[in-house]
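J.: quick check, what structure comes out for this input:
(chains A and B)
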Number of protein chains: 2
Amino acid sequence: MSTPVQAPEAGQATAPRRLGRGTLRFLLPPKVIAGFAVVGPMEGKGPMAGYMDTTLEDTYYGERCWERTESKMLKEAVQQAIARAGLSEQDVDVALTTDLLNQCVGSSFAMRSVQVPHVGIFCACAGFASGLALAASLVDGGFARAAVVGASSHHDAAERQYRFPTELGIQRPPTAQWTVTGAGAVVVTGGDAAGPMQITHATLGQVRDMGLKDPYDMGSAMVPAAAETLVRHLQETGRRVEDYDWVLTGDLGRVGSRILIDWLKERHGIDIDGRHSDCGAMMYDASEQDVHAGGSGLGASACVVSGYLFKAMGRGLVNRVLLIGTGSLHSPTTHFQGESIPVVAHAVCLERPGTR
Amino acid sequence: MSTPVQAPEAGQATAPRRLGRGTLRFLLPPKVIAGFAVVGPMEGKGPMAGYMDTTLEDTYYGERCWERTESKMLKEAVQQAIARAGLSEQDVDVALTTDLLNQCVGSSFAMRSVQVPHVGIFCACAGFASGLALAASLVDGGFARAAVVGASSHHDAAERQYRFPTELGIQRPPTAQWTVTGAGAVVVTGGDAAGPMQITHATLGQVRDMGLKDPYDMGSAMVPAAAETLVRHLQETGRRVEDYDWVLTGDLGRVGSRILIDWLKERHGIDIDGRHSDCGAMMYDASEQDVHAGGSGLGASACVVSGYLFKAMGRGLVNRVLLIGTGSLHSPTTHFQGESIPVVAHAVCLERPGTR
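T.: Model prediction:
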């Protein structure tokens, strides 16, 4: 278990920012100074409920279609995170947002109402982690004073886009994951600010494809990418997995998580058992809520980080976490064309300032 | 007309990297050291033909569907750009790619075969410009030694996703643009390298929506975003439009370009007439090729920059260009739901080293 101390590491200001290919070290680690999470009614009954900032009463949130609901949630998360940071939109230099809808319309329609320069990201469920990495790079590099990072997903909008209209009530296999209805956002600012969470490193992953084709078992497909990014992160930072309180994947679900634990132990001699959680699995109560292999979707990692982890670090409950965002990069079209599922994983080190 | 000189600007190394909200200045401007452009058969008969590096004989390129063709073109552009830079994939720290297909599968499936850490971007046709801005930030910030930026579009894949199956032969209005079949990629490396093109500034735009709803007239919809980003860029860099040989939009087409010229003159007193070109319009011969208002799609700006501009700067034909990528951020779903079209524009200053 890492321990919190107040002094910065010696030599921090002269160390290189590039530790390896795609492994970044932030010299003056950017601070996460605010977070805000909005979730749907079902997620508001799960284990994370007490940490979420807004819970919808129904899946529409006053809108006439779920795509609009998703944009409304993301807009609220972004605007409220900025407000909680004590900033105005004019104080934020760049917004990096991402979602799963075709052409990322969840993000674009949310950002119509936010007066902040905007770049959209698409790495499927690895998008929130990659947004944190890019935001930290822009802030630590001196290109932006503050950045907001947001992500969203909506169960019903995702179901009808990726799989079937929810009204059909199609049966799902046990390996299937349940797309989270939720949006989360954080504000990232300069390393000289005070905040309960800082971003110290990131490791960007390569696109992989092990030939798996089942869109109802994306957790298994994403394991090799998650494992590769974790192993590369440890090698290039010179860290051990014991340096982290948690390896937090998002989102392998319960099936993928189990495989990841075994894969790392057998192939790499790395034991994350008891030190691993998955954002998707954390969103629901497996014994009470019928979500098969657990949650998925960008809302999971965005809400767990923006809602739960931000508060947990503020209360001193956790010191250092490696967030590994995992994304399945297929589309319904490529699935119908018989293609396998490309995957990617991006890791970001989130820690309580002073942890060593 | 700007003039090429060899000495760097005085005080360059101590100037700030942030000139305004979303306006970045690169201290040691990253160099573009290689470019590669692949185009379809129709684009291979247009005015840019002589500058393209590969021209397909048919729209399939040996694949069984156009989505696979698009990925193959992008993979070739990325890999060949890296090869022309004299680098191996192991020398490139990050890849930033983007396309128009749902879930950006053009990019993801291309990047399965490229051993470079990858982050996907989605800003519609502003994606290539935003990729250049992020790549330059990562390189100038010291986070990466080299980055590859790529983008693609395919006419037939885009038509059936956004509009109608091409087999239907649906009539198109005169304001409609023709999605370019093409992919382009450039390699961006440290400012101390030698190269014919460097990235000195970027201005990231905000998402705008003027209420226009016609997906067959995206050029008009994107004008306000292009104008705002240009005006902000000039204000925050302290430059005049006369400091640029060209303001190069991508892609307003001919209709949007005409409106942009009038809009800037009437509202802002800025005259870009005679100093403006549009990547979409440049791809086709308006008198010979039946493309209505000109080209569109990420392939246009990617191929014009990676294929034409890279060579033109190398030959000393042009010194300083402001590339303004413009994106329509709607989807077919939002159009069917009665929504208007959000738009965004991102600008990047590309210049011949030594220009002042």
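J.: quick one: low-confidence parts of the stretch 51-200 of chain A?
T.: By pLDDT under 70, the stretch 51-200 of chain A contains no weakly predicted segment.
J.: would you state the helices of it in chain order?
T.: Taking DSSP state H, counting those that start in this stretch as the test, the helices found in the stretch 51-200 of chain A are A:66-84, A:105-111, A:127-140, A:155-162.
J.: quick one: which of those is nearest chain B?
T.: Chain B lies closest to helix A:105-111 among the helices of the stretch 51-200 of chain A, at 3.5 Å (Cβ to the nearest Cβ). All C-beta atoms are positioned from the backbone trio N, CA, C, and that covers glycine.
J.: from the chain's centroid, how far away is that closest one?
T.: 18 Å (Cα atoms, centre = their mean, to the nearest Å).
J.: quick check: residues of the stretch 201-350 of chain A near chain B?
T.: Within the stretch 201-350 of chain A, the positions near chain B by Cβ under 8 Å from any Cβ of the partner chain are A:203-209, A:329-334, A:337, A:339, A:342, A:344, A:346.
J.: just the ones of the residues you listed in helices?
T.: A:Pro332, A:Thr333, A:Thr334 (DSSP state H).
J.: now, of those residues, which are buried?
T.: Buried members of those, scored by 16 or more other Cβ atoms under 10 Å in any protein chain shown, are A:Thr333, A:Thr334.
J.: let me know the closest of the ones in helices among the residues of the stretch 201-350 of chain A next to chain B to chain B.
T.: Top of the list for closeness to chain B, among those and by Cβ to the nearest Cβ, is A:Thr334 at 5.1 Å.
J.: just the strands in the stretch 1-150 of chain A please.
T.: A:18-20, A:23-25, A:31-39, A:54-55, A:94-99, A:118-120, A:146-153 (DSSP state E, counting those that start in this stretch).
J.: could you confirm whether the second one reaches chain B?
T.: It stands for strand A:23-25. Yes - Strand A:23-25 reaches chain B (Cβ under 8 Å from any Cβ) through A:Leu24.
J.: buried ones in that strand?
T.: By neighbour count with 16+ other Cβ under 10 Å, strand A:23-25 contains the buried residues A:Thr23, A:Leu24, A:Arg25.
J.: need the helices of the stretch 51-200 of chain A in JSON lines (columns: mean neighbour count and distance to B:Phe310).
T.: Output for those, formatted as JSON lines (neighbours: other Cβ atoms under 10 Å in any protein chain shown; distance: least, Cβ to Cβ, whole Å):
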{"stretch": "helix A:66-84", "mean neighbour count": "25", "distance to B:Phe310": "37"}
{"stretch": "helix A:105-111", "mean neighbour count": "31", "distance to B:Phe310": "30"}
{"stretch": "helix A:127-140", "mean neighbour count": "30", "distance to B:Phe310": "25"}
{"stretch": "helix A:155-162", "mean neighbour count": "22", "distance to B:Phe310": "38"}
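J.: how about the nearest residue to the residue most central in space within chain A, chain neighbours excluded?
T.: Nearest to the mean C-alpha position of chain A, by Cα atoms, centre = their mean, lies A:Ser301 at 3.3 Å. Distances taken as Cβ to Cβ, 6 or more residues apart in numbering or on different chains place A:Gly250 nearest to A:Ser301, at 3.1 Å, with adjacent residues excluded.
J.: and that neighbour, what is it in contact with?
T.: A:125, A:128-129, A:278-280, A:300-301, A:304, A:323-326 (Cβ atoms under 8 Å, 6 or more residues apart in numbering or on different chains).
J.: ok, 10 Å please
T.: Residues near A:Gly250 by Cβ atoms under 10 Å, 6 or more residues apart in numbering or on different chains: A:125-126, A:128-129, A:151, A:180, A:226, A:277-283, A:295-305, A:323-327, A:345.
J.: partners of it in the sheet?
T.: Residues in a beta bridge with A:Gly250, per DSSP bridges, are A:Gly325.
J.: and the pLDDT for it?
T.: pLDDT for A:Gly250: 92.
J.: excluding chain neighbours, what is closest to A:Val180?
T.: Closest residue to A:Val180 apart from its sequence neighbours, by Cβ to Cβ, 6+ apart: A:Gly299 at 3.8 Å.
J.: next: A:Cys65.
T.: B:Gln337 (5.8 Å).
J.: now A:Pro174
T.: Distances taken as Cβ to Cβ, 6+ apart place A:His292 nearest to A:Pro174, at 5.4 Å, with adjacent residues excluded.
J.: A strand includes the one you found, no?
T.: No - when DSSP: H, G, I helix; E, B strand; the rest coil is applied, A:His292 is found to be coil, with no strand at that position.
J.: quick revisit: could I get the buried residues of strand A:23-25 as a markdown table with distance to B:Ser257?
T.: Below are the buried residues of strand A:23-25 laid out as a markdown table (distance: Cβ to Cβ, whole Å):
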| residue | distance to B:Ser257 |
| --- | --- |
| A:Thr23 | 43 |
| A:Leu24 | 39 |
| A:Arg25 | 44 |
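J.: hang on, the earlier thing: okay if I get the ones in helices among the residues of the stretch 201-350 of chain A next to chain B as JSON lines plus pLDDT?
T.: Below are these laid out as JSON lines (pLDDT from 0 to 100):
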{"residue": "A:Pro332", "pLDDT": "94"}
{"residue": "A:Thr333", "pLDDT": "95"}
{"residue": "A:Thr334", "pLDDT": "96"}
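J.: identify, from the ones in helices among the residues of the stretch 201-350 of chain A next to chain B, the entry nearest to B:Ala135.
T.: Distance ranking of those against B:Ala135, using Cβ to Cβ, places A:Thr334 first at 26.3 Å.
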